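Novice: Show me how the following folds:
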Amino acid sequence: MIEKVFKYSVTDEKVVEKIIMDENINYIHMVFNKNQGLPEHFSNSNVYMTVLRGTLSIRLDEQDVHEYRKGDILQIPYNTKMNVNNLHDEVLELIVVKAPAPINYKK
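Specialist: Below you'll find the predicted structure:
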């Protein structure tokens, strides 16, 4: 078999799954319920964030919180302060791709 198959959880429970973490990309699946999210941090690569369901509430650097919904894809530059949350009743599900993989990022 040439291809390699990966799976992610189909769940409504909180999860942060590092599906692919190789020298090319980081591919991460996240599910958050209301008032859940990530600790504030700085992006360690270029980040591409796809909203699969729910509403993403995100504050980048010092700007106000912006909201994005199912079907939206965000591109977030390297070294951007990020505050990622679900402030809504509906479950938030995201796919996050970091490219290049942070281990290869040329600073």
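Novice: The spatially most central residue of the chain bridge partners, please.
Specialist: Within the chain, the residue whose C-alpha comes closest to the C-alpha centroid is Val96; the distance, by Cα atoms, centre = their mean, is 3.4 Å. The bridge-partner assignment for Val96, based on DSSP bridges, gives Ile28, Met49.
Novice: Distance check, it against Thr11.
Specialist: 16 Å (Cβ to Cβ, to the nearest Å). Heads up, the C-betas are built off the backbone N, CA and C, glycines and all.
Novice: Where does pLDDT dip in the protein?
Specialist: Counting by pLDDT under 70, the ranges of the chain that qualify are 106-107.
Novice: all strands of it, in order?
Specialist: Taking DSSP state E to define them, one finds strands in the chain at 15-21, 26-32, 36-37, 41-42, 47-53, 55-60, 66-69, 73-76, 81-86, 92-98.
Novice: And the first one, what does it pack against?
Specialist: Using 3 or more Cβ pairs under 8 Å, 6 or more residues apart in numbering; DSSP states H and E as the contact criterion, the neighbours of strand 15-21 among helices and strands are strand 26-32.
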